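> generate coordinates for the sequence data below:
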Amino acid sequence: MSSTSRIPMPTLRILDSLSDPGNAARRNEDIAGSNAACAFVIDGATGLGGRPLIDATSDAAWLAAFAAQIFEAEIDAVTPIDSLVRSLNGRVRQKINETAPGETIETWALPTASFQLVRLEGRELAVYGLGDCRLFLAGADGTAFETNGDYSKAESEGARRAVAQAGGLTAWRSLAEEPVVREALRRSRARHNQPGGAVWTLGSAPDAAAHLSIRRFSPALPARGLLCTDGFSALADKYGRYGAAGLIRIAGEHGLHALMKDLRRIERDEDPDGQQYPRFKVSDDATAVLFEIVAWPA
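Numbering: from 1, shown residues only. As a prediction, the model looks like this:
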């Protein structure tokens, strides 16, 4: 036996997961999932006032669930993720064409979703994504890694303008209901998945596959990671309560439910009007998966 063959290979294990709707009166448009090869979170983008195309209650929830089903059924240790995304988005486009044949659909009315997915590839953790979901990762040596930090900064400025326009969240619950803000959001959403554009997503644009964000990390083992949608990462990104290491430590010591309780307390008790922490909703859907990477067998 060679010395290389005796080096333990890493394995990924799910420790905890949860998904909580931001509004109990609406469907949760987030979802988390995993299989033997990967773990992921998906964040469906709430519709902007158009007629639902596929699902009477939420096209975004339908898309998130459909993508999760595809990920769990079709991703193994070697599946090319770009090819899978291209196929998935092609199937969504076909579904829309079958449901609304011949109709001209505004770009902002098409269902979209962000995602972040992790998979061990040899001794590296490969991270694939589109949109604004996040990964926080901490190695045994204390080194911290994260993805997609720039998304939250750009959204915060738009939320600040929207809160000022609407006069706060109290009257609207979701600022997408305020007419001027809704039109601005529609203009922004219409630029997604367009040639030359900066934002690409799961949805009905197969070309999004060419714009995957791909990162590779080699943390010191044992390592722990937290995959989350932006509704959950707000604890770090919008509210500044934790850094990457703090989020992972609290999740490991007290569970994701403790962090969720803290998140909702900030949103619903400390700042329900969005003046201290500008945002588009009082509470967004929030989803997280806590995992560890260990060497196995030792």
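> quick one: the lowest-mean-pLDDT helix or strand in the chain to chain centroid distance?
Counting by mean pLDDT, DSSP states H and E, the chain has its least confident helix or strand at helix 149-166, which shows a mean of 77. Chain-centre distance of helix 149-166: 17 Å, with C-alpha atoms, centre = their mean, to the nearest Å.
> next secondary structure element downstream of it?
helix 179-190 (DSSP states H and E).
> so I81 sits against L212, correct?
Yes - between I81 and L212 there is a contact at 6.6 Å, judged by C-beta atoms under 8 Å. For glycine as for every other residue, the C-beta is placed from the backbone atoms N, C-alpha and C.
> what touches both of those two?
Jointly contacting I81 and L212 under the rule C-beta atoms under 8 Å, 6 or more residues apart in numbering are Y128.
> for the stretch 51-200 of the chain, give me the ranges with low pLDDT.
151-154, 173 (pLDDT under 70).
> which stretches in it count as strands?
Taking DSSP state E, counting those that start in this stretch as the test, the strands found in the stretch 51-200 of the chain are 113-121, 124-130, 134-138, 144-146.
> most tightly surrounded among these?
strand 134-138 (a mean of 26; mean count of other C-beta atoms under 10 Å).
> off-centre distance for stretch 212-221?
17 Å.
> my error: substitute stretch 48-64 in the last question.
Centre to centre, stretch against its chain (C-alpha atoms, centre = their mean), the figure for stretch 48-64 is 17 Å.
> over to stretch 201-210?
Its chain's C-alpha centre and that of stretch 201-210 lie 15 Å apart, by C-alpha atoms, centre = their mean.
> wait, A288 sits on L259?
Yes - at 7.4 Å, A288 counts as touching L259 under the criterion of C-beta under 8 Å.
> show me the common contact partners of those two, please.
Residues touching both A288 and L259 (C-beta under 8 Å, 6+ apart): F232, A251.
> these two - which one has more neighbours?
A288 (28 against 24; other C-beta atoms under 10 Å).
> gap between that one and H257?
10 Å (C-beta to C-beta, to the nearest Å).
> common neighbours of those two, please.
L18.
> quick check: A220 touching G139?
Yes - between A220 and G139 a contact is recorded at 3.9 Å, counting by C-beta under 8 Å.
> those two: which is more packed in?
Ranked by neighbour count (other C-beta under 10 Å), A220 and G139 place G139 first, with 18 against 12.
> my guess is that one contacts L221. True?
Yes - G139 lies in contact with L221 (C-beta under 8 Å); the separation is 7.4 Å.
> how many residues are close by D16?
D16: 14 neighbours (other C-beta under 10 Å).
> residues in contact with it?
Contacts of D16 (C-beta under 8 Å, 6+ apart): A251, G255, L256, A288, V289, L290.
> which residues touch the second one?
With contacts taken as C-beta under 8 Å, 6+ apart, G255 has the following neighbours: D16.
> hmm, 10 Å instead?
By C-beta atoms under 10 Å, 6 or more residues apart in numbering, G255 lies in contact with L15, D16, L18, K261, L290.
> wait, S87 sits on I75?
No - S87 is not in contact with I75 according to C-beta atoms under 10 Å; the separation is 11.6 Å.
> same drill for the two, tell me which one is more crowded.
I75 (22 against 15).
> what's the nearest residue to that one if we skip its chain neighbours?
C38 (5.1 Å; C-beta to C-beta, 6 or more residues apart in numbering).
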